[in-house]
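In: Provided below for reference: sequence and predicted model.
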There are 2 protein chains.
Amino acid sequence: MEHVVNYTYDELNVGDTATMVREVTDKDVQIFAFNSGDLNPIHLDEEYAAQHKFGKRVAHGMWVGSLLSALMATKLPGPGGFYLSQDLKFKNPVFLGDTLTVKVEVAQKKRRNIVEFDCSVTNQDGDLVVKGVANIMIGNEKVEWPKPQVPEVSVL
Amino acid sequence: MEHVVNYTYDELNVGDTATMVREVTDKDVQIFAFNSGDLNPIHLDEEYAAQHKFGKRVAHGMWVGSLLSALMATKLPGPGGFYLSQDLKFKNPVFLGDTLTVKVEVAQKKRRNIVEFDCSVTNQDGDLVVKGVANIMIGNEKVEWPKPQVPEVSVL
């Protein structure tokens, strides 16, 4: 059985990184629109998007941000901490079919067990699409727990 | 047919606000976990959550943030802009069954058609759960477009 494991504050070092790669699908965009209520036609309507600057539908910026949150929650630092803040700068659009590389890096170990992470998401052309900074208060206890399963989510 | 309509830069005034109310359901949390890949057991596993500070499962902070994005994209300022940045401070946990009031307010009209929005989410007890600031570059053209429909999303 797969487990989620954390890094404690003491185990983290400036420069530690984690990455993941994810392709952007229409299903991702539809589900995020449903889940958040963000029905902006730039994400959902080809005809509308064709008339706007980017010429085609773009993924929601906050969905891209959610991938950063997911990477931190499951890999670095993993579970057991408290997510204090996240800032996001949306630098370039993300399109359906893009392949995103999501990266977090330990930037600074602060007082009170707070760790600052540099966050970035780049596309398959190497363009930076999202950058940001997160602060997480990290526990001193080792956490190891069976990775939860989520049911398949379907767009009907 | 319902439409999404924007406010142009000229139509916005400091102090303009929009709000929406949303109840937090288990389905919201399951779908966000699936969509983002954030399988932190604090969101999904009752037994794990019972051992941690808050004593029960909490919703994902970035999902709460996505409600702010949705409110801005569909109501104030509405479609047609460019989402430049979002920062989020997670002040208190959000639990399943909470009723959230999501609010955005025009804080500042800047140069280059950029508008700064103060963002907040409070729960049914009046506790601030998320606060933040967004910057959106706003168009000068009026946008009115049929509100996209998204298919029902099901957790199987």
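Out: Here it is on my side, so go on. These numbers come from a predicted model, not from an experiment.
In: Can you identify each of the helices in chain A by residue range?
Out: A:26-36, A:41-44, A:46-50, A:61-74 (DSSP state H).
In: Quick check: which of those has the most neighbours on average?
Out: Sort those by mean neighbour count, taking mean count of other Cβ atoms under 10 Å in any protein chain shown, and helix A:61-74 sits at the top with a mean of 26. Quick note: C-beta positions are derived from backbone N, CA and C, even for glycine.
In: Please tabulate the helices of chain A in a markdown table, including the columns mean pLDDT and distance to chain B.
Out: Shown next, in a markdown table, are the helices of chain A (pLDDT from 0 to 100; distance: least, Cβ to the nearest Cβ, whole Å):
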| stretch | mean pLDDT | distance to chain B |
| --- | --- | --- |
| helix A:26-36 | 95 | 4 |
| helix A:41-44 | 94 | 4 |
| helix A:46-50 | 95 | 5 |
| helix A:61-74 | 97 | 4 |
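In: which stretch among those comes nearest B:His43?
Out: helix A:61-74 (8.2 Å; Cβ to Cβ).
In: what inclination does the closest one have with respect to helix A:26-36?
Out: 90 degrees (axes from the mean of the first three to the mean of the last three Cα atoms, to 10 degrees).
In: quick one on the thing from earlier: what I need now is the helices of chain A written out in TSV, including distance to A:Asp127 for each item.
Out: Formatted as TSV, the helices of chain A follow (distance: least, Cβ to Cβ, whole Å):
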stretch	distance to A:Asp127
helix A:26-36	19
helix A:41-44	18
helix A:46-50	19
helix A:61-74	13
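In: Out of those helices, which gets nearest to A:Lys91?
Out: helix A:61-74 (9.9 Å).
In: In PDB, list the C-alpha atoms belonging to the closest one.
Out: Presented in PDB, the C-alpha positions along helix A:61-74 are these (Å, rounded to 0.1, in the frame of the first residue of the first chain):
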ATOM      1  CA  GLY A  61      -5.100  29.900 -13.000                       C
ATOM      2  CA  MET A  62      -6.200  28.600  -9.600                       C
ATOM      3  CA  TRP A  63      -6.300  25.100 -10.800                       C
ATOM      4  CA  VAL A  64      -2.600  25.400 -11.800                       C
ATOM      5  CA  GLY A  65      -2.100  26.800  -8.300                       C
ATOM      6  CA  SER A  66      -3.900  23.800  -6.800                       C
ATOM      7  CA  LEU A  67      -1.200  21.500  -8.400                       C
ATOM      8  CA  LEU A  68       1.400  23.300  -6.300                       C
ATOM      9  CA  SER A  69      -0.600  22.800  -3.200                       C
ATOM     10  CA  ALA A  70      -1.000  19.100  -4.100                       C
ATOM     11  CA  LEU A  71       2.700  18.700  -4.600                       C
ATOM     12  CA  MET A  72       3.500  20.200  -1.200                       C
ATOM     13  CA  ALA A  73       0.700  18.300   0.600                       C
ATOM     14  CA  THR A  74       1.800  14.900  -0.700                       C
END
